[in-house]
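> Test case, fold it:
(one chain, ligands or ions: 2)
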Amino acid sequence: MSALTDLLREWMPHQRWFGGKGREWADVDEEGFFLDEGDPAVSVHRVRVTFTDGAADTYLVPLSWRDHHVEELAHAFVGTIPYSGRETYAYDALRDRDATVPWLTNLVAAATVGPMRFHPAGVDYIPEGTPGDVISTEQSNTSLVFGQTAILKLFRRLEPGLNPDVEIHDALRRADNEHIAPLLGHIEIDDADGEPATVGMLQSFVSNASDGWRLATASVRDLYAEADLHADEVGGDFAGESERLGAATASVHADLARVLPSEPAERAWYDEVAAAMNARLDAAVAVVPELAAHADGLRRLYAAVARTEEPVVRQRVHGDLHLGQVLRTATGWVVLDFEGEPARPLAERRELDTPLRDVAGMLRSFDYAARHMLIEQPEDNQRAYRAQEWAERNRAAFCTGYSEASGLDPCGGSPLLRAFEADKAVYECVYEARNRPNWLMIPLTSLSRLSAGE
Ligand SMILES: Nc1ncnc2c1ncn2[C@@H]1O[C@H](COP(=O)(O)OP(=O)(O)O)[C@@H](O)[C@H]1O
Ligand SMILES: O=P(O)(O)O[C@H]1O[C@H](CO)[C@@H](O[C@H]2O[C@H](CO)[C@@H](O)[C@H](O)[C@H]2O)[C@H](O)[C@H]1O
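Residues are numbered from 1 along each chain as shown. Ligands and ions are numbered 1, 2, ... in the order given. Modelled structure (predicted):
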């Protein structure tokens, strides 16, 4: 164990991006190289943490180094280690502005630094020389904004293979899709076996935009404030936006099917989907015992998946679409973060899937937006009624926008869609139990409706 791995063992479990919180470490290995030997020097480390259950994850940890403590960087301080007979001070290099410049310099130069390769997309200006500021959003990765023109997302957990965020953004740029922020480049690193993993993605920064969750919940607040008016009568009606969002989602799906592989689903696919849903439910009941009450009804919904004759096209999709993943600009909706559900292995997230998974994700999000303000007042039946009304109106508008743009109606009583919605709500129960237990009632309420066949 080196002085650096000792330091990382102390520091990493407290970082937002560290996915192994609460698990016991059995071992830790680290391999590093210098990205920049200037002042501050910047090093990049691949840190492999092995847990006592035998599982292991590799994290990306960039550090900056100084020969004295810098008080303004106290928030980024990692610790000290001895080097050439004196103490050196290590900082989180992504929170140290002076240490952020080399990322774009190397990207513009299409450089190779140690095992890391920088690939500019060659399509647009990269704001080289500008320092980056870390965004304050709660996120599982770390993103830096450079001069309000570009945003670099550094993926913290490294997995071999091209990250779907890069792959899908690249495909949609080739398709000239107008609902994405264009890809400006990406960065790869070779792992110990020479397999490349994606380290980062640079894309255009969408300025002056608001995210869908913020806009939708503002609309719900307006509705609650007007006790006697309906969703279509209050000032902040969101249905027009929901309809445009449906059309934007359909456009993204159509382009993905056009430029990446797609094929009709075979019979075996339906059985596999039903089996995967049942397996996810089994695992979820062990974490959220309240789910057991809905299990029979949910299994009936999943059985209908195996029986349905509904044709499905398998293709690449977003994989984790919700209102927090879309930005409204002055001209329309932009869809972000094509990584899929972060907890699933990368190979699984790159498999062909059905657009219904994304439609279901967004429909769930309308339920969330409508209900999240009921958390504090679960007995307020009047508000619960109005929440339902808001959710139904916006879900229907989203479906209308989707069908008008695609010519396909994904929502017309499809048993598949209901099953995907239920499956997402089961996933959400586990997510909420682990992260925001007082939000658990949102997916549970939806599941009692879905499992009762309503
Ligand atoms: N191209 C962009 N332009 C403007 N803001 C962005 C852009 N990409 C991401 N963001 C902001 O950063 C947040 C986190 O980005 P996201 O890709 O979802 O990261 P993560 O995968 O870590 O959750 C988004 O919710 C959004 O607010
Ligand atoms: O954005 P991430 O990829 O990190 O997604 C995870 O966190 C989301 C919460 O931030 C979670 O989304 C759930 O809550 C949202 C409101 O906060 C709601 O709009 C979504 O519909 C709901 O699923 C997401 O499930 C999780 O993967």
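
> can you map out the strands along the stretch 201-350 of the chain?
210-211, 262-264, 313-315, 326-328, 333-335 (DSSP state E, counting those that start in this stretch).

> would you list those in a markdown table and tack on mean neighbour count?
Where you see a C-beta, it was placed from the backbone N, CA and C, and this is true even at glycine. Listed next are those as a markdown table, based on neighbours: other C-beta atoms under 10 Å:
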| stretch | mean neighbour count |
| --- | --- |
| strand 210-211 | 14 |
| strand 262-264 | 12 |
| strand 313-315 | 17 |
| strand 326-328 | 23 |
| strand 333-335 | 22 |
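
> out of the ones you listed, nearest to N163?
strand 333-335 (16.1 Å; C-beta to C-beta).

> starting at the chain centroid, how far to the closest one?
14 Å (C-alpha atoms, centre = their mean, to the nearest Å).

> Which strands or helices does that strand pack on?
If you count contacts as 3 or more C-beta pairs under 8 Å, 6 or more residues apart in numbering; DSSP states H and E, strand 333-335 packs onto helix 239-259, strand 326-328.

> So which elements touch the first one?
Right, the one you point to is helix 239-259. Using 3+ C-beta pairs under 8 Å, 6+ apart: helix 239-259 touches helix 164-174, helix 212-225, strand 313-315, strand 326-328, strand 333-335, helix 355-371, helix 381-406.

> Which of those has the highest mean neighbour count?
Of all these, helix 355-371 has the most neighbours on average by mean count of other C-beta atoms under 10 Å, namely a mean of 25.

> From the contact counts, what lies against that helix?
helix 212-225, helix 239-259, helix 381-406, helix 415-435, helix 441-451.

> how far off helix 415-435 does the shortest one point, in degrees?
In this case it means helix 441-451. With axes from the mean of the first three to the mean of the last three C-alpha atoms, to 10 degrees as the basis, helix 441-451 and helix 415-435 are set at 150 degrees to each other.

> Identify all contacting residues around helix 441-451.
If you take C-beta atoms under 8 Å, 6 or more residues apart in numbering as the criterion, helix 441-451 is touched by 288, 290-291, 293-298, 300-301, 364, 367-368, 371-372, 374-375, 378, 418, 421-422, 425-426, 428-429, 432.

> so which of these are also by ligand 2?
364, 368, 428 (C-beta under 6 Å from any ligand atom).

> ok, back up a step: closest to ligand 1 out of the helices and strands packed on strand 333-335?
Evaluated over the helices and strands packed on strand 333-335, closeness to ligand 1 peaks at strand 326-328, with 6.1 Å, by C-beta to the nearest ligand atom.

> Is that closest one in proximity to ligand 2?
No - Strand 326-328 does not reach ligand 2 (C-beta under 6 Å from any ligand atom); its nearest approach is 10.0 Å.

> thinking again about what came up before, mind putting the helices and strands packed on helix 239-259 into JSON lines with mean pLDDT?
Formatted as JSON lines, the helices and strands packed on helix 239-259 follow (pLDDT from 0 to 100):
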{"stretch": "helix 164-174", "mean pLDDT": "96"}
{"stretch": "helix 212-225", "mean pLDDT": "90"}
{"stretch": "strand 313-315", "mean pLDDT": "96"}
{"stretch": "strand 326-328", "mean pLDDT": "98"}
{"stretch": "strand 333-335", "mean pLDDT": "98"}
{"stretch": "helix 355-371", "mean pLDDT": "96"}
{"stretch": "helix 381-406", "mean pLDDT": "92"}
